[in-house]
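Participant: After the sequence you'll find the predicted model.
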Amino acid sequence: MKYNKVILAGGSGYLGMILAEHFSKQAHEVVIFSRNPKTAAKNIKMIYWDGHTIGDWATHLNNSDVLINLTGKSVNCRYNERNKAEIFASRLNATRVLGKALKQTNNPPKVWINAASATIYRHAEDRPQDEYTGELGTGFSVDVCKQWEQAFAEQHVPGIRKLALRISVVLGSNGGVANYYLNLARFGLGGIQGSGKQYFSWVHEDDITGSIDFLLDNPTLEGAFNIASPYPIQNNKLMATIRKAVGVPFGLPATKWMLEIGTLLLRTETELILKSRWVLPTRLTEAGYIFKVPDIKQAIEKSI
C-alpha cells in the first residue's frame, strides 16, 4: 500500500465519498471525520466530530500520511444571515481546530490539503484568472474564500506541507451539478442562462482524484492551486453541448429575472449561475499535470 492512513475531514459528502473510494485502494485505512458517522465499508471508517472542538477524532491524526479537509456547509442555499454565519463558521472552525489538533499530534501527516474555491476570483468576461495574475473579487462568497484561505495560512505546523485547492464546479456521474444541467435540458429548459456569455469553469471528478495524486507525488509543490479544466466554456456553448448530449435540439432561455424567481423557489442564489468564473489551472499544468478529462463534451458524456 502507498499510504498507511488517509484522513478525510468533513468527508461524508459527494467529494469525500469519491476520495474515500479512491484512497481505499492506496491506503491501509481511510478515516472520515463526520457529524453523522455511519457504518462504512472495506477499509473505510467514519468517526464522529463536531468540526470545532477537539475530541477522540484527534487521535486518528497520529501515524496518518495525508489529511484532506473538505468541511463546509454547502453554498447552494439562500444567503440569509443564519446561512451566511454557518457557511463561515463551518469552514473557519474546522480549519482552526485541525491546526490545533495537529500541533498536539506526535506523528502528524506530512501533507495537509485544505479545500478552497475558485469563486475567490472576480467575475471575469475579459480575461482568464490564474494563481499569478488573477484578481480577487468582492462580495459575500469571495469574503468566505478569503477568510477560509487565511485561516488555513495561519495554521503553522512544522514539517507539514500545505496545499489549498481552489476547486471549480465539479462534474461527474456520482453527484455534483451535472444532473441539474442535464435535467434542465431533458425538460426543454436547457437554453442560455442570463446573457449566456458568462464563463463556466469546471473540473471532472476524475481530475479531482488525479490532481490530488499528482500533488501528493510532487513534494516540492505547496500553496494554492486552481483545480479546473484548462478549457473553461461560456454558458451558451455549455448548454448547447448538454442539449446535444441528451438529444434535445432546443432549450428555452432563462433571463436574469426568471432565474431570480427560480432560485428563490429552489432556495439558492443566482450568483451560482450568473457569475463568470474564467479560471485556469496554470500552476498545475506548469508542474506537468495532464488532465484526464479536459474537454466539456467528454465530461458531460461521462456524467450521463
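Facilitator: Here it is on my side, so go on.

Participant: Look up which residues are beta-bridged to the most centrally placed residue in the chain.
Facilitator: The centre of the chain sits closest to Ile167, judged by CA atoms, centre = their mean, with a distance of 4.1 Å. Note on Ile167: beta-bridge partners by DSSP bridges are Ser117, Ile227.

Participant: pLDDT score assigned to it?
Facilitator: Per-residue confidence (pLDDT) for Ile167: 98.

Participant: who's in contact with it?
Facilitator: Taking CB atoms under 8 Å, 6 or more residues apart in numbering, we find Ile167 in contact with Leu15, Ala115, Ala116, Ser117, Ala118, Val203, Ile208, Ile227, Ala228. Bear in mind the C-beta positions are built from the backbone N, C-alpha and C, glycine included.

Participant: Adding pLDDT and distance to Thr59, write those residues out as TSV.
Facilitator: Putting those into TSV (pLDDT from 0 to 100; distance: CB to CB, whole Å) gives the following:
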residue	pLDDT	distance to Thr59
Leu15	96	25
Ala115	98	23
Ala116	97	27
Ser117	97	30
Ala118	97	34
Val203	97	34
Ile208	98	28
Ile227	98	30
Ala228	98	36
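
Participant: from these, which single one is nearest Trp148?
Facilitator: Nearest to Trp148 among those is Ala116, at 6.0 Å by CB to CB.

Participant: Isn't that closest one up against Ala224?
Facilitator: Yes. Under the criterion of CB atoms under 8 Å, Ala116 makes contact with Ala224 at 6.8 Å.

Participant: what's the overlap in contacts for those two?
Facilitator: Joint contacts of Ala116 and Ala224 (CB under 8 Å, 6+ apart) are Glu149, Ala164, Leu165, Arg166.

Participant: From the residues you listed, which land in helices?
Facilitator: Glu149 (DSSP state H).

Participant: want to throw the shared contacts of Ala116 and Ala224 into JSON lines with neighbour count?
Facilitator: Below are the shared contacts of Ala116 and Ala224 laid out as JSON lines (neighbours: other CB atoms under 10 Å):
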{"residue": "Glu149", "neighbour count": "20"}
{"residue": "Ala164", "neighbour count": "22"}
{"residue": "Leu165", "neighbour count": "25"}
{"residue": "Arg166", "neighbour count": "26"}
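
Participant: Widest-spaced pair of the shared contacts of Ala116 and Ala224?
Facilitator: Going by CB to CB, the pair spanning these furthest: Glu149 and Leu165, at 10.5 Å.

Participant: list residues touching both of those two?
Facilitator: What both Glu149 and Leu165 touch, as defined by CB under 8 Å, 6+ apart, is the set Asn114, Ala116, Ala224.

Participant: that older thread, can you give me the distance of the residue nearest to the centre of the chain to His156?
Facilitator: Separation of Ile167 from His156 (CB to CB, to the nearest Å) stands at 24 Å.

Participant: Report back the residue of the chain that's furthest from centre.
Facilitator: Pro249 (31.4 Å).

Participant: And the closest residue in space to that one that isn't next to it in sequence, how close does it get to Glu135?
Facilitator: In space, and not counting its chain neighbours, Pro249 is closest to Arg243: 6.8 Å by CB to CB, 6 or more residues apart in numbering. The gap separating Arg243 from Glu135 is 33 Å, by CB to CB.

Participant: And those two? Which one has more around it.
Facilitator: Counted by other CB atoms under 10 Å, Arg243 and Glu135 do not tie: Arg243 has more neighbours, with 21 against 10.

Participant: what comes into contact with the helix or strand hosting the more buried one?
Facilitator: Here Arg243, judged by DSSP states H and E, is contained in helix 235-246. If you take CB under 8 Å, 6+ apart as the criterion, helix 235-246 is touched by 181-182, 184-186, 190-200, 233, 249-251, 296-297, 300-301, 304.

Participant: That one: how far from the chain's middle?
Facilitator: 23 Å (CA atoms, centre = their mean, to the nearest Å).

Participant: just stretch 102-109 next, same as before
Facilitator: Worked out by CA atoms, centre = their mean, stretch 102-109 lies 26 Å from the chain centre.

Participant: Any idea how far apart the tips of that stretch sit?
Facilitator: 8 Å (CA to CA, to the nearest Å).

Participant: buried stuff in that stretch?
Facilitator: Going by neighbour count (16 or more other CB atoms under 10 Å), the buried part of stretch 102-109 is Leu102, Thr105, Pro108, Pro109.

Participant: how about the nearest residue to the second one, chain neighbours excluded?
Facilitator: It refers to Thr105. Leaving aside its chain neighbours, Thr105 sits nearest to Leu61 (4.6 Å; criterion: CB to CB, 6+ apart).
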